[in-house]
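Colleague: Below is the sequence, then the predicted model.
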Amino acid sequence: VIKENQRNHYKLFESSITKDFKEMLTIENEMRRAIKQKQFEVHYQPQVDISNDQVIGFEALLRWKHPSRGYISPGMFIPLAEKTGLIIEIGDWVLREACRQNKKWHEKGYGPTKVSVNLSVKQFLQKDLVNKVKQILLETKLDSAFLELEITESMSMSNEAYIMETLKGLKELGVNVSIDDFGTGYSSMKYLSQFPLSKLKIDQLFIRGDKEQNQAIVKSIIHLSHSLDMKVIAEGVETKEQLEFLKSQKCDEIQGFYFSKPVAPKIAERFFA
Ligand code: C2E
Ligand code: MG
Ligand code: MG
Ligand code: MG
């Protein structure tokens, strides 16, 4: 009886793995097709200077407009794109598209605003990243001062020397780098002070979450950023109350639904009015 159960259990396990695997292959193939068929879009969420309510930049956020499944959020497919390596191709496209769009806005006389592009670990660690960024800036004619890159803390512990080299290369280009989702990863204070970084993005968890303790954390991150000569932006700001608190703590910038959701480029243009 036990053997029988084990066998059944094994079968169940096997079939669910096969199913996951097939599902993964399907999505992988669909992602390849999506690149060719231009199903990806970049949406833009305004970043606002807290001192004067001016939109000073936009975060570029990837969207997949799937022909039958509708919009698929990046949280669903970026991890798989990372695993399969497709993130390189997709990421190059996002970077080029965001720079192109931002330059187009500048040419229309809007802004000039910055555009902030997310890079996942694999993208950041690719050998020719600095050259690639340089190339895309030349191609799109965007001034490097108007491009920002967001990386997460997950990579700060490994490949220290290589990360330093890349960050220095980007700095030489004039491209600023921020730490996204700050407070949820593993940055050590050592890296934070040594790496040439320009901004910390306080994770939404601390902005939204349960009051007093989170407010204490937010205060410390703002203080830490300023002590290290970095700017600080709060993401996930949804209420006036959160905004007022951040103002009182001298946070530099905010981003969140309180101001606007990420929107298609046409709609983003309204923020220039
Ligand atoms: P992230 O870079 O931390 O982006 C912030 C996420 O929070 C976005 O989700 C945004 O829509 C959402 N958000 C902004 N304000 C608020 C708010 O007030 N309330 C709430 N509840 N949410 C808010 P999204 O667009 O689904 O992106 C999720 C994650 O996917 C991003 O987190 C980023 O890590 C990744 N991602 C998005 N686009 C790209 C990309 O082009 N390349 C890479 N490598 N990753 C990307
Ligand atoms: Mg981000
Ligand atoms: Mg974030
Ligand atoms: Mg994130």
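Modeller: Noted; the coordinates are in hand. Numbering: from 1, shown residues only. Ligands and ions are numbered 1, 2, ... in the order given.
Colleague: Show me what counts as buried in stretch 253-273.
Modeller: 253-256, 259-260, 262-263, 265, 268, 271 (16 or more other CB atoms under 10 Å). To be clear about C-beta, it is placed using only N, CA and C from the backbone, and glycine gets the same treatment.
Colleague: same thing with stretch 195-215?
Modeller: Buried residues in stretch 195-215, counted by 16+ other CB under 10 Å: 195, 197-204, 206-207, 214-215.
Colleague: Would you confirm that Glu30 contacts His66?
Modeller: Yes: using CB atoms under 8 Å, Glu30 is in contact with His66, at 7.2 Å.
Colleague: how far away is the residue in the stretch 151-273 of the chain positioned nearest to ligand 2 from Lys38?
Modeller: Here the stretch 151-273 of the chain gets closest to ligand 2 at one residue, Asp180, 4.2 Å apart by CB to the ion. Separation of Asp180 from Lys38 (CB to CB, to the nearest Å): 26 Å.
Colleague: Spell out the secondary structure type for the spatially closest residue to Leu205 that is not a sequence neighbour.
Modeller: Nearest residue to Leu205 in three dimensions, chain neighbours excluded: Thr184, at 6.4 Å (CB to CB, 6 or more residues apart in numbering). Following DSSP: H, G, I helix; E, B strand; the rest coil, Thr184 is assigned to coil.
Colleague: State the distance from Thr184 to Lys201.
Modeller: To Lys201, Thr184 is 11 Å away according to CB to CB.
Colleague: Could you dump the buried residues of stretch 253-273 into a markdown table with pLDDT added?
Modeller: Shown next, in a markdown table, are the buried residues of stretch 253-273 (pLDDT from 0 to 100):
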| residue | pLDDT |
| --- | --- |
| Glu253 | 98 |
| Ile254 | 98 |
| Gln255 | 98 |
| Gly256 | 98 |
| Phe259 | 96 |
| Ser260 | 97 |
| Pro262 | 98 |
| Val263 | 98 |
| Pro265 | 97 |
| Ala268 | 97 |
| Phe271 | 94 |
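Colleague: can you narrow these to ones near ligand 1?
Modeller: Filtering the buried residues of stretch 253-273 for proximity to ligand 1 by CB under 6 Å from any ligand atom leaves 256, 262.
Colleague: of the buried residues of stretch 253-273, closest to ligand 1?
Modeller: Ligand 1 lies nearest to Gly256 out of the buried residues of stretch 253-273, by CB to the nearest ligand atom, at 3.3 Å.
Colleague: which ones are touching the closest one?
Modeller: 204, 207, 234-238, 242 (CB atoms under 8 Å, 6 or more residues apart in numbering).
Colleague: With Glu269 instead?
Modeller: Counting by CB under 8 Å, 6+ apart, the residues that Glu269 touches are 105, 110.
Colleague: any idea whether Phe271 is helix, strand or coil?
Modeller: Following three-state DSSP, Phe271 is assigned to helix.
Colleague: Can you list the helices and strands that the longest strand along the chain packs against?
Modeller: Once the chain is assigned using DSSP state E, the strand that runs over the most residues is strand 55-66. On a contact count with 3 or more CB pairs under 8 Å, 6 or more residues apart in numbering; DSSP states H and E, strand 55-66 meets helix 2-36, strand 40-49, strand 70-72, helix 74-84, helix 86-107, strand 114-118, strand 253-255.
Colleague: which residues touch stretch 154-167?
Modeller: Stretch 154-167 has contacts (CB under 8 Å, 6+ apart) with 121, 124-125, 129-130, 177, 179, 185-188, 191, 194-197.
Colleague: so of these, which ones are in strands?
Modeller: Reading strands off the contacts of stretch 154-167 with DSSP E, I get 177, 179.
Colleague: For Ser227, see how far away the residue most central in space within the chain is.
Modeller: The residue lying closest to the centre of the chain (CA atoms, centre = their mean) is Asn118, at 3.1 Å. According to CB to CB, Asn118 stands 26 Å off from Ser227.
Colleague: One more: Arg208?
Modeller: 25 Å.
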